[in-house]
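1. Just the structure for this:
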Amino acid sequence: MLDGEFYVGQIVRHRLFGYRGVVFDADPEFSGSDAWYERMARSRPPKDRPWYHVLVDGAEHTTYVAERNLEPDPQGDPVTHPALDDLFAEYRDAAYVPRRRDN
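-> So this is what the prediction gives:
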């Protein structure tokens, strides 16, 4: 279990860039490459804290964001992304309910 501030299905906002999105996965610590970190993580967030995979609202791409760069979205409005239906069963109480995965 991830000991992070955010959960899968939660709608969040990026503190620096202002975009909204929904968390669809989380890592207990940074799991990307050093090259990606050097190129993309210019603010040098800690690698030993949680990082989140986020569907970006109104876009088709995802992002990988350090916990310190996210905050709960105060609006709580639904997001639009083409992968929502694949990952989430429904939108309820200002969050998305993950689909059950049968393994």
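2. Pull out the buried positions in the worst-scoring helix or strand of the chain on mean pLDDT.
-> Least confident helix or strand of the chain, by mean pLDDT, DSSP states H and E, is helix 34-40 with a mean of 88. Along helix 34-40, the positions that meet the burial threshold by neighbour count (16 or more other Cβ atoms under 10 Å) are residue 37. Any C-beta I mention is one placed from the backbone N, CA and C, and that applies to glycine too.
3. chain center to that helix, what's the gap?
-> The chain centroid and the centroid of helix 34-40 are separated by 18 Å, computed with Cα atoms, centre = their mean, to the nearest Å.
4. Also stretch 4-23?
-> Using Cα atoms, centre = their mean, we find the averaged C-alpha position of stretch 4-23 to lie 5 Å away from the chain's own average C-alpha position.
5. Use 48 as the first number for this chain going forward.
-> That works, and once the first residue is 48, the last one we named lands at stretch 51-70.
6. those helices in the chain, which residues are they?
-> Counting by DSSP state H, one finds helices in the chain at the ranges 81-87, 131-134.
7. Any idea which of these gets closest to residue 102?
-> The closest of the helices of the chain to residue 102 is helix 131-134. By Cβ to Cβ, the value is 6.7 Å.
8. Alright, calling it a day.
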